[in-house]
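*Asks:* Pasting a predicted model and its sequence here:
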Amino acid sequence: MVSQQTAAEQTAGRRADLRFVVGAVGLLLVAAVGIYFVFQFVAEQRDRELRAWQVRLGIVADSRFAAVSQWLDRQQADLASLSENASLQLYFSQLVTAGSDEERQFLADTQGEFLRNLLLASAERMGFWQSPTGPEIPANVERVGVSGLALVLHDGQVTVATPGMPPIEAGLKDFVTGIEPGTRAIMDLYLNQAGRPAMAFAVPVYALQANPGPASDIGIVLGVKEVADELYPLLRQPGETAASAEAVLVRQHGAAIENLSPLTDGTPPLGKTLAADTPDLDAAFAIANSGGFALRIDERNRQVLVTARAFRDVPWTLLYRVERAEAMTEADARFVRVLTVFLLAIGAAALLVVALWRHASSRRTAEAAGRYQSLAERFEGQRNLLGLVTDNQPTSIFILDVNGRYRFANKEAGKQAGIAPEDMIGKPVTNVLGPEAAQRRLALNERSLALNRQVTEVTRGEKDGRVHVIQSEHIPVSAALGLPPGVLVVESDITEAVTERERRSRILDQLVRALVGVVDRRDPFAADHSAKVAAIAKATAIEMGLDQVEIDTAETAGRLLNLGKILVPTDMLTRAGELSDSERQKVREGLHASAELIEGIEFDGPVVETLRQALARWDGKGAPPGLAGEAILVTARIVAVANAFVGMVSARAHRGAMEIDRAVEIMLTDAGHAFDRRAVVALINYLDNRGGREAWAEQLKPAGA
């Protein structure tokens with residue numbers, strides 16, 4: 001009876017021990033998976049928060065950019081209204097044709113006072129009037145003129161000016177004499193003799209009753225003013241609640257970047273200069289990436305979220321930024337709360353398991369020595385549970401600590417290394433796999449630990465005379481699991497999947513080229529048109545920062561855009577004269593048919609839908625009717641821009657090729673109406689700033705030219 005009772009107690013004890021080990025292992029696995037998903041969740045939340053700030057900063061930046069642009073336009077518009085005054089034009093015309101100093105003096109005596117009063121009234125109305133600085137009592141100190149209006153000849157000679165107009169000398173004279181006849185000009189912001197920010201604006205005066213142009217330009221209306229009170233308030237966004245948010249005007253001067261507006265730390269305009277190559281400088285990013293958004297460092301070494309807009313008529317960039325610590329406070333706090341709650345829950349569960357185990361073990365204290373070996377063996381068996389599960393997987397799975405030593409390896413990992421998995425534990429990965437193979441894995445582990453997230457890499461290599469594609473995933477293992485910090489590595493052979501995808505891609509590419517070849521043979525004037533559209537669409541998509549699937553979709557849709565022309569009679573495509581309305585409608589119907597012809601073909605991206613929307617207009621007046629703006633696929637907007645551009649610069653049966661500059665001018669005019677402005681800007685940036693104009697100078701000529 002005692003023997004039976006003892007045996008029953010031992011059995012119960014073993015079951016309690018087994019439950020404890022299983023619970024502990026399960027708890028560890030749940031903790032590992034839970035912490036991984038917590039980090040994934042928080043990362044997604046942070047990305048969502050960043051996207052929200054990108055939209056918010058972009059809206060404010062557009063608002064402040066528009067306000068400053070309108071202010072610049074208003075200065076020149078005000079001066080232009082003055083330059084169109086008939087009396088002023090008559091005076092200048094007579095002055096230019098005057099044959100002697102006596103005639104000029106007579107004009108000054110008879111009309112000078114009237115014009116001076118006109119300038120004075122205009123200066124007060126337009127904000128070009130300010131009392132000169134300096135003493136107001138008689139003294140041998142000349143008062144400094146800081147603002148005013150003047151009528152100036154192209155050689156810099158002032159004919160009439162308001163009181164307080166700065167003298168036309170030094171930099172101001174260089175500005176006046178350097179103005180091209182018939183053009184408006186803006187003198188960039190500078191510090192005047194009083195040490196305050198100032199600018200100059202100039203518009204041409206044309207001869208009375210003459211057509212405006214360089215030949216009829218007879219003088220200049222010049223306005224100089226201090227701009228701080230008008231310009232800088234435009235940078236403040238009404239209703240902005242972020243304490244660290246600020247809009248700053250910057251410009252690049254050689255290898256340096258200057259602030260043109262006051263900073264929140266009290267730095268005055270033009271009071272701080274930083275090297276343009278300062279690592280991660282927000283102003284350098286803004287100048288190089290108009291319209292971009294990023295996390296960078298400001299002049300006070302603070303992390304800031306920044307977006308930028310570049311001006312057209314002045315070498316300025318408006319950057320709008322907010323300190324990251326303020327913007328992401330809620331997201332960071334949410335991460336701490338979620339992780340804390342989860343860790344507390346895991347800790348409570350662990351304490352419960354330990355308490356239950358201690359309670360059970362206290363009942364078997366007298367038998368502890370006899371059962372110790374059995375308990376140790378069972379515990380060792382539970383430690384191998386992970387191995388039993390992962391040994392059935394066809395992938396290599398192992399864990400390396402921060403020193404590059406194996407903490408776990410499954411059967412496939414041992415097979416790949418040529419050593420038993422249990423013999424790998426504790427050994428450096430360099431000794432097991434060799435220096436070259438180990439170095440790649442260790443580098444990815446360091447990156448995964450530094451970023452605190454999963455890192456994935458796909459590599460190609462040769463083994464047994466065959467090319468193999470291996471995907472390796474490196475997942476950080478938290479120290480909260482009770483193990484030393486390390487990285488879980490999962491390596492999968494994806495050769496078959498990649499090979500099949502590449503084969504399918506080649507077949508699709510061959511099919512596309514064959515279909516395009518049929519179209520090109522039917523329309524010799526448009527030969528290679530599809531290839532050119534595809535190339536321009538691809539370059540534009542890359543310039544817009546789209547992902548690889550969207551880039552490939554734009555390129556493939558560009559190639560297939562004219563496939564429907566096989567349904568259009570050849571004589572229409574090659575006719576030298578203009579087409580009738582009904583014939584043009586047939587050509588458009590042919591373009592619509594492109595999507596229907598390939599509808600059954602499976603592409604990685606929305607190629608068919610892109611072709612259906614390729615004739616849509618940004619303003620909704622294209623086809624399909626009513627489809628407009630952001631509702632149009634971005635790939636369709638890109639293809640529309642590429643097709644229009646290539647069509648304009650390519651010769652056709654009924655017309656010659658258009659100059660690239662003229663085509664760009666037309667597309668800018670149609671941006672926001674027929675085309676997406678961002679796609680047009682991306683194309684122009686590719687042509688002018690990425691070498692596209694030179695690269696395509698020959699390719700955009702008609703075939704055979």
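*Replies:* Arrived safely, thanks for sending.
*Asks:* mind listing the strands for the stretch 501-650 of the chain?
*Replies:* Counting by DSSP state E, counting those that start in this stretch, the stretch 501-650 of the chain has no strands to list.
*Asks:* Spell out which residues make up each domain of this structure.
*Replies:* Taking automatic domain parsing as the domain assignment, the record places the domains of the chain at 2-74+330-381, 84-231, 246-327, 394-493, 499-695.
*Asks:* can I assume Ala331 is in contact with Ala43?
*Replies:* No - with contact defined as C-beta atoms under 8 Å, Ala331 does not count as touching Ala43 (10.0 Å). To be clear about C-beta, it is placed using only N, CA and C from the backbone, and glycine gets the same treatment.
*Asks:* following the longest helix anywhere in the chain, which helix or strand comes up?
*Replies:* Counting residues, the longest helix in the chain under DSSP state H turns out to be helix 2-83. On the C-terminal side of helix 2-83, the closest following helix or strand by DSSP states H and E is helix 86-97.
*Asks:* Determine the three-state secondary structure at Arg334.
*Replies:* Following DSSP: H, G, I helix; E, B strand; the rest coil, the label given to Arg334 is helix.
*Asks:* Checking my notes, Asp688 in a helix, right?
*Replies:* Yes - under three-state DSSP, Asp688 sits within a helix.
*Asks:* what about it, neighbour count?
*Replies:* By the criterion of other C-beta atoms under 10 Å, Asp688 has 11 neighbours.
*Asks:* again, but for Ile346
*Replies:* 18.
*Asks:* Same check on Ala443?
*Replies:* Quick note: Ala443 (other C-beta under 10 Å) scores 13 neighbours.
*Asks:* do the same with the one 5 residues further on
*Replies:* Ser448 is surrounded by 21 other residues when neighbours are defined as other C-beta under 10 Å.
*Asks:* do Glu124 as well
*Replies:* Neighbour number of Glu124 under other C-beta under 10 Å is 13.
*Asks:* Distance of it relative to Asp78?
*Replies:* For Glu124, the distance to Asp78 equals 12 Å [C-beta to C-beta, to the nearest Å].
*Asks:* cool, Leu352 as well?
*Replies:* From Leu352 to Asp78 the distance is 79 Å (C-beta to C-beta).
*Asks:* The two: which is more packed in?
*Replies:* Asp78 (21 against 12).
*Asks:* circling back: and Pro238, which of the domains of the chain is closest to it?
*Replies:* The closest of these to Pro238 is domain 2-74+330-381. By C-beta to C-beta, the value is 9.0 Å.
*Asks:* What's the mean pLDDT across that closest one?
*Replies:* On average, the pLDDT along domain 2-74+330-381 is 71.
*Asks:* How about Val455: which residues does it bridge to?
*Replies:* Note on Val455: beta-bridge partners His474, judged by DSSP bridges.
*Asks:* Can you find the helix or strand in this structure with the smallest mean pLDDT?
*Replies:* helix 368-383 (a mean of 46; mean pLDDT, DSSP states H and E).
*Asks:* And for the residue nearest to Met165 when sequence neighbours are not counted, the neighbour number?
*Replies:* Among residues not flanking Met165 along the chain, Gly148 sits closest, at 3.0 Å (C-beta to C-beta, 6 or more residues apart in numbering). Gly148 has 22 neighbours, counted by other C-beta under 10 Å.
*Asks:* Ala66 too?
*Replies:* The tally of other residues near Ala66 (other C-beta under 10 Å) stands at 12.
*Asks:* Any stretches of the stretch 401-550 of the chain with poor pLDDT?
*Replies:* For the stretch 401-550 of the chain, the stretches with pLDDT under 70 are 463-465, 479-484, 496-527.
*Asks:* in it, which spans are helices?
*Replies:* Ranges of helices within the stretch 401-550 of the chain are 411-417, 421-424, 429-433, 435-451, 495-522, 529-543, 548-560, based on DSSP state H, counting those that start in this stretch.
*Asks:* pLDDT of the helix or strand containing Ala284, averaged?
*Replies:* Secondary-structure assignment from DSSP H and E places Ala284 in helix 282-288. Averaging pLDDT along helix 282-288 yields 94.
*Asks:* Identify each buried residue in it, please.
*Replies:* Using 16 or more other C-beta atoms under 10 Å as the test for burial, helix 282-288 gives 282-287.
*Asks:* Same check on stretch 154-168?
*Replies:* By 16+ other C-beta under 10 Å, the buried positions in stretch 154-168 come out as 154, 156, 159-162, 164-166, 168.
*Asks:* For stretch 320-327, what is the distance to the chain centroid?
*Replies:* 18 Å (C-alpha atoms, centre = their mean, to the nearest Å).
*Asks:* Contacts for that stretch, please.
*Replies:* Here stretch 320-327 makes contact (C-beta atoms under 8 Å, 6 or more residues apart in numbering) with 49, 53, 57, 60-61, 64, 242-248, 282, 295, 298, 302-308.
*Asks:* quick one, what contacts the residue nearest to Met544 when sequence neighbours are not counted?
*Replies:* With C-beta to C-beta, 6+ apart as the criterion, Met544 has its nearest non-adjacent residue at 4.6 Å, and that residue is Ala682. The contact partners of Ala682, by C-beta under 8 Å, 6+ apart, come to 540, 543-544, 638.
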